[in-house]
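[1] The sequence isn't on hand, but the structure is:
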């Protein structure tokens, strides 16, 4: 993982929850401060992007739909210049669902990805994953 500059948006997600942090430290001493959360239960799910496999369970469909909402939120933030750098931490499945839905503006700001489930991990574990 490369250095995480001050002000970087760090998004920690899985199929049901997102925690958003900012690095309020510097590139050598990452200090994350949580500033937002999002839960699948709080969102009116409208269905996933693209074609869903016919053998998909309702839970898998909800997780794909939530990934779409995460991507939309990141896309809107990038287009509104709300962040300059982004690190995306998500379980491999969710990361795979989010990645193809990211706008070029988000892709240009993406400085790192970590395929790991850390949504319920303590803050120290998230910070340690960035080193």
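    Everything's here; your move. A quick note: this is a predicted structure, and the numbers were derived from the prediction, not measured.

[2] So which residues of the chain form helices?
    58-79, 92-98, 104-109, 123-129 (DSSP state H).

[3] So which of the ones you listed is nearest residue 27?
    helix 123-129 (13.1 Å; C-beta to C-beta). For every residue, glycine as well, the C-beta is placed using N, CA and C.

[4] which ones are touching residue 63?
    15, 16, 40, 93, 94, 97 (C-beta atoms under 8 Å, 6 or more residues apart in numbering).

[5] now these in a markdown table, with distance to residue 108 and pLDDT?
    Below are the contacts of residue 63 laid out as a markdown table (distance: C-beta to C-beta, whole Å; pLDDT from 0 to 100):
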| residue | distance to residue 108 | pLDDT |
| --- | --- | --- |
| 15 | 26 | 88 |
| 16 | 28 | 90 |
| 40 | 28 | 76 |
| 93 | 24 | 93 |
| 94 | 21 | 93 |
| 97 | 20 | 93 |
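
[6] Point out where the chain drops to low pLDDT.
    1, 42-60 (pLDDT under 70).

[7] Nearest residue to the middle of it?
    In the chain, the residue lying closest to the centroid (C-alpha atoms, centre = their mean) is residue 11, at 3.8 Å.

[8] Ok, which of the helices of the chain comes nearest residue 24?
    helix 123-129 (11.3 Å).

[9] helices or strands up against that closest one?
    Packing contacts for helix 123-129, counted by 3 or more C-beta pairs under 8 Å, 6 or more residues apart in numbering; DSSP states H and E, involve strand 32-39.

[10] and the strand it packs on, how far out from the chain's middle?
    Taking C-alpha atoms, centre = their mean, to the nearest Å, the mean C-alpha location of strand 32-39 is offset from the chain mean by 11 Å.

[11] And stretch 117-126, by the same measure?
    Computed by C-alpha atoms, centre = their mean, the chain-centroid distance of stretch 117-126 equals 13 Å.
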